Structures are given as structure tokens and as C-alpha cells.
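> build me a model:
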Amino acid sequence: MKTILFVSALMLISATSINAQETIIPPSEGKAVIYFLRTTSLGALMNFRFFDEGNFIGKFNDRNYLRYQCDPGERVFWVKAENIDVLKTNLEVDKIYLVEANAVMGAMSAGVKFKLVNFDNEKQMKRINKLLETKKAVEFTQEELETEQEKSKLVIQHGMKTVSKKLKKGKRLKIITPDMAYKQ
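Here you go, the predicted structure:
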């Protein structure tokens, strides 16, 4: 009986991993992909807006994720809610990267923080796999991105000043290095 339960549990874990892996789509040739994952419902009504330096790349609230394909190399991403958090990256060609962006509750307001993915952390990977299995990536047309870019001009101006200050200070800066790529 114990053997049957153990084998059943292994099959369920394997099926879960396969389903999540199928939703992680590799980049086009010569590109890199980064997934921004919101794995918790904390502060569900809070909208997170994501930027690649001065470019709006997407937004969503509640549990969801955004798949962003870009040129490899050094890039700075930031996310805006009540605050701004910064992610410095060095993405390799043809690689996939994952990062969480979740709400954090403060004394006076709620904010957002990037959290690097530790692929050996079973609890974190379980949250990520569950999200990937139950949600589809948020997508935007080029027209929607351009409209949001235009609407976000002031946010981007102020945000880039904050990003610049945070990069200079370097305190608590999250950094994704090439070796932190997702292994399928």
C-alpha cells in the first residue's frame, strides 16, 4: 500500500513538472526570455507595472505572469506599485530566466519586491509551477504597449530617477547572472 501511494505521488509530481515545463516557452533564436511571476494573492488589487529601462513591457494585478522576450546582455528591469524595485540582469542568448515580483506589506502602504528564484527551494518552485499550470501569460498587442508607454511618460521619468539612485547605491539590489537560467 505504501509503495502504491509513493508511486502515485511520484507520478503526480512528474505530471506537475511536465505541465509547468510546457508553459515555459524558449526564446526565439538569438534572444533571451524572462518571466515575471506574481505567485501570491497578497495585495491582489495592486497593479504592478513592469519596465525594461524606459520601456513599458506589461502590467497585471493578482496572481499572474508576464513572459518578456528581449535581446540578451545587461539590462535593468523595474517594477512599480506604491514603490519601485529594481532588477539588474545579464541575460544569455537562448536562455530563460524566472523572477518573482510579489506584494509586500509595509507599515503605511503596500509595495512590490523582486525575489530571485532558487530552483532548489521546493516551496518556491511549487508556487511557481502552480501559477504556470493555472494561468496563461498576460499578453499585450504592440498598440496596447504604445498606448501604455504614452500614458506612463511621467511615471517613467520619475521612475528612471529612482532606478538610477538605487543602482548607484547598490544596496539590496537583486541581480540575475547568466548562470541563473532556468534548466528544462
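
> now do the helices in the protein.
Using DSSP state H, the helices of the chain run over 2-23, 122-134, 142-151, 153-169.

> skipping its backbone neighbours, what lies nearest the residue most central in space within the chain in space?
By CA atoms, centre = their mean, the chain has its centre lying nearest to Phe36, at 1.4 Å. For Phe36, ignoring the flanking residues on the chain, the nearest one in space by CB to CB, 6 or more residues apart in numbering is Leu66 at 4.5 Å. Yep, even glycine has a C-beta here, placed from its N, CA and C like the rest.

> these two touch, right, the one you found and Val138?
Yes. Counting by CB atoms under 8 Å, Leu66 touches Val138, with 5.1 Å between them.

> between these two, what contacts are shared?
58, 60 (CB atoms under 8 Å, 6 or more residues apart in numbering).

> please identify which of these two sits among more neighbours.
Leu66 (20 against 16; other CB atoms under 10 Å).

> and for Leu91, the neighbour number?
24.

> where does the closest residue to it other than its chain neighbours land on pLDDT?
Nearest-residue entry for Leu91: Ala32, 3.8 Å, with adjacent residues in sequence omitted and distances by CB to CB, 6+ apart. Looking at Ala32, its pLDDT is 98.

> if Ala32 is in a bridge, with which residues?
In this structure, Ala32 bridges to Cys70 when assessed by DSSP bridges.

> so what's the residue count around it?
Neighbour tally, Ala32, other CB under 10 Å: 25.

> surely it and Cys70 touch.
Yes. With contact defined as CB under 8 Å, Ala32 counts as touching Cys70 (6.0 Å).

> any common contacting residues for the two?
With CB under 8 Å, 6+ apart as the test, Ala32 and Cys70 both reach Leu91.

> where does the prediction get shaky in the chain?
1-22, 44, 107 (pLDDT under 70).

> quick one: the residue lying closest to Ile156 once chain neighbours are set aside from Asn90, how far?
Excluding the flanking residues, the one nearest Ile156 by CB to CB, 6+ apart is Gly54, at 5.3 Å. Noted for Gly54: a distance of 19 Å to Asn90, by CB to CB, to the nearest Å.

> what's the answer for Val33, then?
Distance from Val33 to Asn90, by CB to CB: 14 Å.

> those two: who's more crowded?
Val33 (22 against 16).

> for that one, give me its contacts.
25-27, 67-70, 95-97 are the contacts of Val33 under CB under 8 Å, 6+ apart.

> ok, how many other residues are close to the residue lying closest to it once chain neighbours are set aside?
Spatial nearest neighbour of Val33, excluding adjacent residues (CB to CB, 6+ apart): Pro27 at 4.2 Å. Using other CB under 10 Å, Pro27 has 21 neighbouring residues.
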